[in-house]
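what's the 3D shape of this:
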Amino acid sequence: MFDLNRRHFITLLGGAAAWPLAAHAQQPAMPVIGYLDTASASTTKHLVAAFHEGLSAGGYDEGRNVAIEYRWSDGDYNKLPSLAADLVRRNVAVIATINTPTILAAKAATKTIPIVFAVGVDPIKFGLVESLNRPGGNLTGLTQLNIEMEAKRVQLLHELAPSATTIALLINPSSPAYSEAATESAQSAARVLGIRLLVLNASTPSGIETTFVTLAEERVRLLLVSGDSFLVAQREQIVALAARHAVPTLYHRREFTAVGGLMSYGPPLSEAYYVVGDFTGRILKGKKPADIPVHQSTKFELVLNLKTAKALALTMPPTLLAIADEVIE
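Numbering: from 1, shown residues only. The predicted model follows:
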């Protein structure tokens, strides 16, 4: 009798011990986001924070109810195809991409995993979506229309120095989809103004150094830096060189003027990261990319740095001061 009861007790005890294990096994696995960026983690901390804010708005926080696999190319765009392929092999729930090179790599890697993008080009023209309202397929995201604003930037530089006959444009040739469209837009604007556009290429820090040597040799007074993410990551180097060579320079992002750049005109970069995070959260909740309209930036900020203007012995035209959204003094 004792043995029977003892065996019965041990059976019950063993079954009870198994309950929490079974319950744990039945819990749904935490979804995993694949995050793909051309920059490095160290140069985009404040922007990744905006991505996390977008996720949190949808109820997702890293480590609590979602995991994130980060992939950084550290400015080497040739790494992007293999990084994207690795995220696909890991079967992530969503791939979050931040700019044109990353979205093109992700798009080539999968036709099924949802992809959220932030680009400065027309997503319809580049074949990313069927339409802005009904994207179709597995992609949606945000367009900041940087390419469309290239002509405006050329005009702003010309207004800064109307007597200049040449404006230089710095692009990264490693991102031809973006740089070719940027060059075409800037070239059209320069042609209308009757000035020459000198296109300079740089895809490495040493290439950026060479750019400023060429500017001096060509005696070009004005520089426009395109919105490529590698160039954004190298903002401190570019701003320092512009100061050293006394070249008035216009940038796409406030990140440049914040570290001493002369002028910037474009949409806030943090907005792009926030929207990518927000849309990623919507997809994790069950929304299909095909049904999430592409967001279009409507806010463009002109930021002027008067400290830098003074160091360059420049007087900002009253017309630019009147329309500036922010003046750093």
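
Quickly find the element holding Ile124.
Here Ile124, judged by DSSP states H and E, is contained in no helix and no strand.

Leu142 too?
Using DSSP H and E, Leu142 falls in strand 139-143.

just Lys307 next, same as before
Secondary-structure assignment from DSSP H and E places Lys307 in helix 306-311.

what lines up beside the strand holding Leu142 in the sheet?
Applying DSSP bridges to the sheet, strand 139-143 is found paired with strand 115-119 (parallel), strand 295-296 (parallel).

for the stretch 101-250 of the chain, what spans make up the strands?
For the stretch 101-250 of the chain, the strands defined by DSSP state E, counting those that start in this stretch cover 115-119, 139-143, 166-171, 196-201, 222-225, 249-251.

What residues does Val294 make contact with?
Applying Cβ atoms under 8 Å, 6 or more residues apart in numbering, we find Val294 in contact with Pro123, Val129, Leu132, Asn133, Pro135, Thr140, Gly141, Leu142, Thr143. Placement of C-beta: from N, CA and C, glycine included.

Phi, psi for the fifth one please.
In this entry, Pro135 is assigned phi and psi values of phi -60, psi -40 (degrees, to the nearest 10).

that older thread, neighbour-wise, which one of the contacts of Val294 leads?
When neighbours are taken as other Cβ atoms under 10 Å, the top entry among these is Thr140 (28 neighbours).

residue contacts, the residue nearest to Leu80 when sequence neighbours are not counted?
Distances taken as Cβ to Cβ, 6 or more residues apart in numbering put Ala105 closest to Leu80, at 3.8 Å, once the chain neighbours are dropped. Each residue near Ala105 by Cβ under 8 Å, 6+ apart is listed here: Leu36, Leu80, Pro81, Leu83, Ala84, Thr97.

circling back: for the helix holding Lys307, which positions count as buried?
Residues Leu306, Thr308, Ala309 are the ones in helix 306-311 that count as buried (16 or more other Cβ atoms under 10 Å).

can you list the domains in the protein?
Domain ranges of the chain: 32-145+269-296, 150-266+301-328, per automatic domain parsing.

Could you dump the ones you listed into CSV and include mean pLDDT?
Below are the domains of the chain laid out as CSV (pLDDT from 0 to 100):
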stretch, mean pLDDT
domain 32-145+269-296, 95
domain 150-266+301-328, 95
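
Once you drop chain neighbours, what's closest to Ser185?
Going by Cβ to Cβ, 6+ apart, Ser185 has Glu150 as its nearest residue, at 3.7 Å.

so the one you found sits right up against Ala190, yeah?
No - if you go by Cβ atoms under 8 Å, Glu150 and Ala190 don't touch, sitting 10.1 Å apart.

Please, where are all the helices along the stretch 201-329 of the chain?
For the stretch 201-329 of the chain, the helices defined by DSSP state H, counting those that start in this stretch occupy 205-218, 229-233, 235-244, 254-257, 269-284, 306-311, 318-323.

With distance to Ala50 as new columns, can those be given to me in a markdown table?
Converted to a markdown table, those look like this (distance: least, Cβ to Cβ, whole Å):
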| stretch | distance to Ala50 |
| --- | --- |
| helix 205-218 | 26 |
| helix 229-233 | 14 |
| helix 235-244 | 17 |
| helix 254-257 | 12 |
| helix 269-284 | 4 |
| helix 306-311 | 26 |
| helix 318-323 | 26 |
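
What about Ser131, how many residues nearby?
Neighbours of Ser131 under the rule other Cβ under 10 Å: 11.
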